[in-house]
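[1] sequence and predicted model, in that order:
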Amino acid sequence: MTADPVAAESSAGGKSVLLAESSAATAMLVRTLLNRWGFAVHATPCDAAVSRHLEKQSFDLAIVGATGNDAAMVAAACVAAGVPVLALVTEGFRLDAAMAAVSLPLSGASLRDAVDRCLSRPAADLDPDAISLLWERPDNPIYHRIARVFIGEIGIRLVQIAEAMAAGDLKRVETEAHSIKGASGNVAAHAVRDAAAGLEAAAARGDTLALPALADTLRAAADRAIAALERLFAPDTGMP
């Protein structure tokens, strides 16, 4: 019987890191350094199975190899699950969903610095800095109106995605995910934006095996964003 591809390295009191890297040599180096620093490391290839591991257990940080074919999807799933992402990159590669990046070949100092920076900036369902940049302040009436439209429409679009997946209509899945990506960016719901981007990319390349997990990830991120927006609107007595 083969072992589970996610192997946990015990570390007393250590934070948990999901290492999604398909290069055995790179994964071994990163895992060795992280274990030395007291982190519990869970290593897995950078593929669609990562979504299953995110459902089974919680992580404080995800380190994702940007050169993998499924890297964008994996990073988006991690962000949607509320896990900050650190990308391992080489020239010509990047991960838009990543909070920080470390270039390969890496040094211990650069990895530790990036890990510390990611862990000091927990992922949020709404990005307050982006809200301020786009709308000046969270109580801007225009922002509230747009956010309420977003809340009203995203549930409909998620149903349309489910129907399109059942019908095998990948173009419609791609279109609806693209619309959600744009709308969520307008309200600074970046976890939703990144999850929608992952679903859009999978539909565009015809990756039907990855779609169910990505759709579930998007739905969970949407639920959290709606809850965050409703908390933001709690003092309201009516529509702005």
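    Thanks, I have it.
[2] and E153, how many residues sit next to it?
    Look at E153: counted by other CB atoms under 10 Å, it has 13 neighbours. All C-beta atoms are positioned from the backbone trio N, CA, C, and that covers glycine.
[3] I meant L133, not that one.
    L133 is flanked by 10 other residues according to other CB under 10 Å.
[4] with H178 instead?
    Using other CB under 10 Å, H178 has 16 neighbouring residues.
[5] surely it and A201 touch.
    No - H178 lies out of contact with A201 (CB atoms under 8 Å); the separation is 10.0 Å.
[6] checking V30 next. Helix, strand or coil?
    Classification of V30 using DSSP: H, G, I helix; E, B strand; the rest coil returns helix.
[7] which parts of stretch 138-157 are buried?
    138, 140, 143-144, 146-148, 150-151, 154, 157 (16 or more other CB atoms under 10 Å).
[8] which ones among the residues you listed map onto helices?
    Applying DSSP state H to these, the entries found in helices are 143-144, 146-148, 150-151, 154, 157.
[9] tell me which element C46 falls in.
    For C46, there is no host helix or strand (DSSP states H and E).
[10] care to break this structure down by domain?
    7-119, 128-232 (automatic domain parsing).
[11] switch those over to CSV; also include mean pLDDT.
    Shown next, in CSV, are these (pLDDT from 0 to 100):
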stretch, mean pLDDT
domain 7-119, 83
domain 128-232, 88
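[12] before we move on, back to that, of the buried residues of stretch 138-157, closest to L229?
    Taking CB to CB as the measure, L229 lies nearest A147 of these, at 5.1 Å.
[13] who's in contact with the closest one?
    Contact analysis of A147 by CB atoms under 8 Å, 6 or more residues apart in numbering lists 187, 229, 232-233.
[14] can you map out the helices along this structure?
    Using DSSP H, helices in the chain cover 24-36, 50-56, 71-80, 108-119, 128-135, 141-167, 170-186, 190-204, 211-232.
[15] out of those, deepest packed?
    Across the helices of the chain, the average number of neighbours (mean count of other CB atoms under 10 Å) peaks for helix 71-80, which reaches a mean of 30.
[16] report the distance from that helix to the chain centre.
    Taking CA atoms, centre = their mean, to the nearest Å, one finds the center of helix 71-80 at 4 Å from the center of the full chain.
[17] over to stretch 57-74?
    Chain-centre distance of stretch 57-74: 8 Å, with CA atoms, centre = their mean.
[18] distance between the ends of it?
    Terminal residues of stretch 57-74 lie 15 Å apart, using CA to CA, to the nearest Å.
[19] for the closest residue to R219 other than its chain neighbours, what are its contacts?
    Leaving aside its sequence neighbours, R219 sits nearest to L158 (CB to CB, 6 or more residues apart in numbering; 5.8 Å). For L158, the contacting residues are 180, 215, 218-219, 222, by CB under 8 Å, 6+ apart.
[20] ok, now I226?
    Neighbouring residues of I226 by CB under 8 Å, 6+ apart: 151, 154.
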